[in-house]
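A.B. asks: Can you look at this prediction? I've put the sequence above it.
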Amino acid sequence: MPRAGLGILLVILIIVAVASLGVGAASIPMVDVFAALAGEGYSSVYRTIVVDIRLPRTLLALLVGAGVATSGAAIQGLFRNPLADPALIGVSGGAALFAAGYLVLGVELGIASLGIAVSAFVGGLLTTWLVLEIGRRGGTISSMLLAGIAINAVALSGVGILTYLSTDVELRSVVFWALGSLNGADWPAVAIAMAILPIIAVFLGRSKALNAITLGDREAGHLGISVARLRIEIVLLTALAIGVSVALCGVIAFVGLVVPHLIRLSLGSNHYVVIPGSAILGGLLLLLADSLSRTLLSPAELPVGIITALLGGPFFIYLIVQQKGKLGL
Amino acid sequence: MSILISNLSYVVDDSVLLEDISVEAQRGSIVAVVGPNGSGKTSLLKVVNGESIACDGKVLIDGEDVYSLSLQTRATRFGILPQEAALDFPFRVVEVVQMGRIPHLTTMSVNQKIVDEVIVEMELQDIRDRVYLTLSGGEKQRVQIARVLSQIWDAREQACLFLDEPTAALDLSHQLALFRTLKRVTEIGTTVMVVLHDVNLALRFAKQVVLLSKGRLLASGAPLDVLTPDNMREAFSVDIEMFATTDPRRPFILARQ
């Protein structure tokens, strides 16, 4: 059953991905999309739109959606709390703060986007570590989550201050960082986002350990899992995946929270299914949200984060009310 | 496995949780740990299974220091049931039981066979596909016990079970069923250390009772030698009465008003 579910999701993903190439300010017939992809672009405008603009954007949506959703799944497992979400507990906010800070300070380290990605990673790492430390002192998982919410608020207001202080044209608006947008997508961005793929592979490799840790830290230890090592690995990888995502697209909220839930409710809680399922569904949902954001007010664009929050927020409330027992809240 | 505990002391932040405890448990026996709240029962279990580190004294498992055993060895030989489980994710019952096989390198088919056997042993067939979070307290407890059993099922000749109040949420018939299961695994060679609040269960099923009071060992030995009116008064500050049952070796203990 879970395997069939993953297969169906994958097929839908491929169909939507191809369809997304034809959608946008200029609608392109599918025949021409395929022709452009095959390189038979007698119409070079179509070829430019499909290959240079839309294909990288579609790939970026898939990679970032997958990265954010699997990070959410992994961190929910690690924190043993289905409410943990990189955007809610401040990991994304910390990453955004450092990325914006990097731009304001204007340090030039090779390729600009790589420098932003590295600072976002450092920011994500610091906030995750801070949240974990505070949580450990507080003693409970709720205190960790509450600390994360507070840190997130502080980080995002820091981003706000930076964007208002700076006159740097490179520093995009607060809206970009706080709400997220895929309109910076190009091939170099896709190349950096490829770092998300090996991270998902490692998350998948830790499925057994993540299953064990849902029983409790002690219990996982009794099952031969080195919990301290697992915690460091997951925190590092999450910070990396979120850092890359935030550097390229800003904070994408709710995908990391809602997607693992949807997978658990439909295909079960086993991380061998939850991780790949979240990767596929996360990519799919972000791609759908981005297609909406490009077409709703076409030719203008909504930040994709508005769509994910608009759909994700109420849906999550619905889940909490409807599935109380099953979600373990 | 045999367990030899000698002169064990365990101190946390200046409070002495265990003081100079020596107990010997033979391979294949059920050892009941009894005592009032806060007397150190859970601490004793944790120190003996190597999870907490003693300040003084030794724990030998089959003659080997418990701290010298690798995490992997302990994970494949020790089944440990905590007082309460923290599982908050909607796993199915069978998936929770399968988690007991995590430390093992056995094949999927072997694991599946073990899980199926344990599910039958714990009478979980009817709820094997239910979501764990929707179960009652007693059902959850039985699922957790099944998980711990599946962990040591193929090593029952050379294993230890450490169970912290496994009967707390169980109804009468499942309490008895659990002890029948424990009897069966001890007959093969598993040693069971079990914290119990019900002294009558200890009296009826344990080969040996360890009575703790304020972190000290009050008495240890055969149930009837340990659970005497004098010892019970000293440990629990209650007077007990013993009633004869159909089995002369197994009286029934009742606290007097």
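C.D. replies: Everything's here; your move.

A.B. asks: any low-confidence regions in the chain?
C.D. replies: Picked chain A for this. Applying pLDDT under 70 to chain A flags the ranges A:40-43, A:106-113, A:139-141, A:167-175, A:319, A:322-329.

A.B. asks: please go with chain B instead
C.D. replies: Scanning chain B for pLDDT under 70 picks out B:257.

A.B. asks: how does it look with 80?
C.D. replies: Along chain B, segments meeting pLDDT under 80 span B:85-86, B:248-249, B:257.

A.B. asks: ok and the residue in it nearest chain A?
C.D. replies: Nearest to chain A in chain B, going by Cβ to the nearest Cβ, is B:A75, at a distance of 3.0 Å. Where you see a C-beta, it was placed from the backbone N, CA and C, and this is true even at glycine.

A.B. asks: That residue touches B:R101, doesn't it?
C.D. replies: No. In this structure, B:A75 is not within contact of B:R101 by Cβ atoms under 8 Å, at 10.7 Å.

A.B. asks: hang on, the earlier thing: tell me which element the residue of chain B closest to chain A falls in.
C.D. replies: According to DSSP states H and E, B:A75 maps onto helix B:71-77.

A.B. asks: Buried residues, that helix. List them.
C.D. replies: B:74-77 (16 or more other Cβ atoms under 10 Å in any protein chain shown).

A.B. asks: packing partners for it?
C.D. replies: Applying 3 or more Cβ pairs under 8 Å, 6 or more residues apart in numbering or on different chains; DSSP states H and E, we find helix B:71-77 packed against helix A:217-222, helix B:137-152.

A.B. asks: Closest residue of the stretch 101-250 of chain A to chain B?
C.D. replies: The minimum distance from the stretch 101-250 of chain A to chain B, using Cβ to the nearest Cβ, falls at A:G224 (3.0 Å).

A.B. asks: how close does the residue lying closest to that residue once chain neighbours are set aside sit to A:T128?
C.D. replies: Counting by Cβ to Cβ, 6 or more residues apart in numbering or on different chains, the nearest residue to A:G224 once its immediate chain neighbours are dropped is B:A75, at 3.0 Å. To A:T128, B:A75 is 28 Å away according to Cβ to Cβ, to the nearest Å.

A.B. asks: so the closest residue to A:G101 other than its chain neighbours is in which element?
C.D. replies: Distances taken as Cβ to Cβ, 6+ apart place A:L162 nearest to A:G101, at 6.2 Å, with adjacent residues excluded. Using DSSP H and E, the element containing A:L162 is helix A:141-165.

A.B. asks: For that helix, which helices and strands make contact with it?
C.D. replies: Against helix A:141-165 (3+ Cβ pairs under 8 Å, 6+ apart) you get helix A:55-79, helix A:91-105, helix A:112-138, helix A:174-179.

A.B. asks: so can I have TSV of those showing mean neighbour count?
C.D. replies: Converted to TSV, those look like this (neighbours: other Cβ atoms under 10 Å in any protein chain shown):
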stretch	mean neighbour count
helix A:55-79	28
helix A:91-105	28
helix A:112-138	20
helix A:174-179	21
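
A.B. asks: Would stretch A:266-284 count as contacting chain B?
C.D. replies: Yes. For stretch A:266-284, a contact with chain B is found by Cβ under 8 Å from any Cβ of the partner chain, at A:268-270.

A.B. asks: Would you pull up how far that stretch lies from the middle of the chain?
C.D. replies: 14 Å (Cα atoms, centre = their mean, to the nearest Å).
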